[in-house]
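Colleague: what's the 3D shape of this:
(chains A, B, C and D)
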There are 2 protein chains.
Amino acid sequence: MNPESFKVACSNCNLRELCMPVGLDAAQLDRLDEVVDTRRKIKRGELLFRSGETFNSLYAIKTGFFKTCIATEDGREQVTGFQMAGEIMGLDGIVNDHHSCNAVALEDAVVCVMPFAKMEELSREFPALQHHMHKIMSREIVREHGVMLLLGNMRAEERLAAFLLNLVQRLHARGFSKSELILRMTREEIGSYLGMKLETVSRTFSKFSEDGIIEVKQRDVRILDTNALTQIYNPQPCN
Amino acid sequence: MNPESFKVACSNCNLRELCMPVGLDAAQLDRLDEVVDTRRKIKRGELLFRSGETFNSLYAIKTGFFKTCIATEDGREQVTGFQMAGEIMGLDGIVNDHHSCNAVALEDAVVCVMPFAKMEELSREFPALQHHMHKIMSREIVREHGVMLLLGNMRAEERLAAFLLNLVQRLHARGFSKSELILRMTREEIGSYLGMKLETVSRTFSKFSEDGIIEVKQRDVRILDTNALTQIYNPQPCN
DNA sequence: GACTTGCTTTGATCCAGGTCAAGGGATGTT
DNA sequence: AACATCCCTTGACCTGGATCAAAGCAAGTC
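Modeller: Numbering: from 1, shown residues only, chains lettered A, B, ... in the order given. Model (predicted):
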C-alpha cells in the first residue's frame, strides 16, 4: 500500500487530539469526516476570509500560521490573535452571518473547511461534539479576557513575556521545543496584538536579550530562562 | 385574576426579544420555561459567581446590573465587561467546568438560572435555540475584539466616548433614554474596563463636560452631543 | 448635626512608551 | 553585483496618562 494514499480525514489526522475531533468515538469521527471533506490552501500573505464576507464555515488549521485582525475606517489595525495548527478560526462570523475580522496566513497554510450549518446538525446528534464546540468558543472568550488583562493592566515587559510564554507553550503542545521558536509575525504585528509600537517590541526584545533571558536573532528566539520570563509576567506582590 | 400571579417564565418575560428566547415558538418556549425554573436574587455588592467556582449554569439578567472581572495574584483587577438586563453571564465557565471570572452585582439584581447541561440538551432538540446560543457566544467574542481595539489602539477620550455610546445604545434597546444614563459603576471600574486610571476617567469626563458634549453630575450623565462623541470615537482620517 | 466612609475632582509632577529619525541587515530581482 | 524592498534596531526627544497629594461631595450612622 502506498503510504501517501491514506484517507485525508479527521479520523487519522495527527491533530485530532487538539482539534475538533476531541472526545469523539470512531463512528462519530467517520461522520465528521463526511462533513469536513474539503481543504483549502492559503499562500503566505493571502486571506482566508475577510471582514464583511458572508460566513459559511469554520476553519481548522491543518498546517501553517495565521493572524486575525480588525481594521478601523481610519486605518488602525488591531491584531486579535495568532492561530496555529489545530486551532479554529471563524467564530466571529456566527453572530451576524458575516465575518468581522480578517484572517491572514503568515506562512503557507492548509485549513480544513467545516461548513457551520452541517457542524450544527452533527452536534445535535453528538453531545460530545456539541459540548466540544461550546468549549472551543468558551476558550476563545477566556483567552480574550487574558488579552484584556494584558492590554489594560500590564507593562511592555510583562506583555512580551506573557506573549512568548503563551506561544512557546502552545508550540510545545504540538511537539515543538519548549525553548526555541521562530516568530512568524513581524515586530509590528506583535506590537499590534500587545498594544505597543514596533520600536517598543524591538527594545523589549533587546532588553530581555541583554538580561540573558532570551537570545534573539531576527525571528529566531531561544528562551534561556523560562523562570525569569514567568516572574516578569507574574510578579509577586512586593510585600 | 390577581395581576401579580402570572407565571414567572420566559414565555411572558418582557425581555424575551433580547434574551435567550429569541426565535423560539410557543411550544419551544414552554419547554424552555421548564428548564429555566429558578431565579436568584443578588444584592448590590454580592457575587453571582466567583473565579474558581464549579460551573453549572448560565445566568440571564432579569433586572439589575453586573460587572465581570478577573483578578491577578498580585492584586490587579481587570473588569472584562458590564452586563445589563437580557444579557447572558457565565460563558467563561464552559471550557474548564470552572468559572474564570467574578460576576459582581452593581445594583440589586435578579437573574434567571439556566442549568447548562439542560440547555445543551434542549438545544439538541431545537435548532433555533442551538443557533441562538452560538450567536450569543460569537457576539461575546466579537465584543471582546472591540475591547481589544479600544485598549490596544485608542486614546483616553476615544475609549470613554466609545464606552458611553455603547452603554447608551444598549440602554436604549431596553427602552431607556438615548441621552440620559445613570452609571452604576465607579470611576475606578470604568477605568479598569477601559485600561486607564480613575483620575484619567474623571478628567476625561470633565473635559467632555467643558466642551459641552455631556453634562456630568456624579453618576448622572446626560449626552448633549451624540455626534461629537461619535466623531471622537471614530475620527475620520486626517487627509 | 457632627462624624465616618467611600467616591470624585483637581492640581502638580513624573515617566513609560510613543514619535521621529537614521542606519543596518536580510532577501529577492534584474 | 547593484539595487530595491522589508524589516529590525537604536538613539534622541516628547507627551499622554500615571502617580502623588489634597480637598470636595454625598449618603449614611450615631
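Colleague: What's the end-to-end length of stretch A:100-117?
Modeller: 18 Å (Cα to Cα, to the nearest Å).
Colleague: What residues sit buried inside that stretch?
Modeller: Counting neighbours by 16 or more other Cβ atoms under 10 Å in any protein chain shown, one finds that the buried residues in stretch A:100-117 are A:100-106, A:109-116. C-betas here are computed from N, CA, C, even on glycine.
Colleague: if you go through chain A in chain order, where are the strands?
Modeller: In chain A, the strands defined using DSSP state E lie at A:38-42, A:47-49, A:57-63, A:66-71, A:77-83, A:88-89, A:102-105, A:109-115, A:180-182, A:214-217, A:220-223.
Colleague: For B:Val95, which of those is the nearest?
Modeller: Closest approach to B:Val95 among these (Cβ to Cβ): strand A:88-89, 12.8 Å.
Colleague: Against which helices or strands is that closest one packed?
Modeller: strand A:57-63 (3 or more Cβ pairs under 8 Å, 6 or more residues apart in numbering or on different chains; DSSP states H and E).
Colleague: what angle sits between the longest helix along chain A and strand A:57-63?
Modeller: The residue-count maximum for a helix in chain A (DSSP state H) belongs to helix A:127-153. If you take axes from the mean of the first three to the mean of the last three Cα atoms, to 10 degrees, helix A:127-153 sits at 80 degrees to strand A:57-63.
Colleague: So which residue is smack in the middle of chain A?
Modeller: A:Gln83 (1.9 Å; Cα atoms, centre = their mean).
Colleague: quick one: contacts for it?
Modeller: A:Ile61, A:Phe65, A:Phe66, A:Lys67, A:Thr68, A:Met89, A:Ala103 (Cβ atoms under 8 Å, 6 or more residues apart in numbering or on different chains).
Colleague: For the nearest residue to it once chain neighbours are set aside, give the beta-bridge partners.
Modeller: Of all residues not flanking A:Gln83 in the chain, A:Phe66 sits nearest, at 4.5 Å (Cβ to Cβ, 6 or more residues apart in numbering or on different chains). Beta-bridge partners of A:Phe66, counted by DSSP bridges, are A:Gln83, A:Ala105.
Colleague: what number of residues lie near A:Phe66?
Modeller: 26 (other Cβ atoms under 10 Å in any protein chain shown).
Colleague: So what's the predicted local confidence for it?
Modeller: A:Phe66 carries a pLDDT score of 97 in this model.
Colleague: and it, what is it in contact with?
Modeller: Counting by Cβ under 8 Å, 6+ apart, A:Phe66 has contacts A:Leu48, A:Phe82, A:Gln83, A:Met84, A:Met89, A:Ala103, A:Val104, A:Ala105, A:Leu106, A:Ala109.
Colleague: What is the nearest of those to DNA strand C?
Modeller: A:Leu106 (15.1 Å; Cβ to the nearest atom of the strand).
Colleague: got any ranges where chain A has weak pLDDT?
Modeller: Residue ranges of chain A with pLDDT under 70: A:1-8, A:235-239.
Colleague: near DNA strand D, which residues of it?
Modeller: With Cβ under 7 Å from any atom of the strand as the criterion, chain A meets DNA strand D at residues A:183, A:186-188, A:198-199, A:201-203, A:205-206, A:216, A:218-219.
Colleague: Near DNA strand C, list only the ones from these.
Modeller: Among these, DNA strand C is touched by A:Glu199, A:Gln218 when using Cβ under 7 Å from any atom of the strand.
Colleague: Neighbour count says what about the residues of chain A next to DNA strand D? Which are buried?
Modeller: A:Leu183, A:Arg187, A:Val201, A:Arg203, A:Phe205.
Colleague: gap between the third one and A:Met84?
Modeller: From A:Val201 across to A:Met84, the span is 20 Å (Cβ to Cβ, to the nearest Å).
Colleague: Among the contacts of A:Phe66, find me the one that's closest to B:His134.
Modeller: Among these, A:Met89 lies closest to B:His134 (Cβ to Cβ), at 15.2 Å.
Colleague: ok, that closest one - contacts?
Modeller: Counting by Cβ under 8 Å, 6+ apart, A:Met89 has contacts A:Leu48, A:Phe49, A:Leu58, A:Tyr59, A:Ala60, A:Ile61, A:Phe66, A:Thr68, A:Gln83, A:Ala103, A:Val111.
Colleague: Is it bridged to anything, and to what?
Modeller: Bridge pairing for A:Met89 - DSSP bridges - gives A:Tyr59.
Colleague: how close does it get to A:Cys112?
Modeller: On the measure of Cβ to Cβ, A:Met89 and A:Cys112 end up 11 Å apart.
Colleague: tell me, what's touching these two both at once?
Modeller: A:Tyr59, A:Ala60, A:Ile61.
Colleague: ok, now which ones touch the nearest residue to the second one once chain neighbours are set aside?
Modeller: Taking Cβ to Cβ, 6+ apart, and ignoring the residues beside it in sequence, A:Ala60 has A:Cys112 as its nearest neighbour in space, at 4.4 Å. For A:Cys112, the contacting residues are A:Cys10, A:Val36, A:Thr38, A:Arg39, A:Tyr59, A:Ala60, A:Ile61, A:Lys62, by Cβ under 8 Å, 6+ apart.
Colleague: so what's the fourth one bridging to?
Modeller: Spelled out, it's A:Arg39. A:Cys112.
Colleague: That one reaches A:Lys62, doesn't it?
Modeller: Yes: counting by Cβ atoms under 8 Å, A:Arg39 does reach A:Lys62; the two are 6.6 Å apart.
Colleague: Now do A:Asn166 against B:Val168, distance only.
Modeller: Taking Cβ to Cβ, one finds A:Asn166 at 36 Å from B:Val168.
Colleague: Between the two, which is the more surrounded one?
Modeller: Comparing A:Asn166 with B:Val168 by other Cβ under 10 Å, the one with more neighbours is B:Val168, at 20 against 16.
Colleague: That one against B:Leu181, yeah?
Modeller: Yes: B:Val168 lies in contact with B:Leu181 (Cβ under 8 Å); the separation is 5.5 Å.
Colleague: what touches both of those two?
Modeller: With Cβ under 8 Å, 6+ apart, B:Val168 and B:Leu181 have common neighbours B:Ile223.
Colleague: Understood, closing this out.
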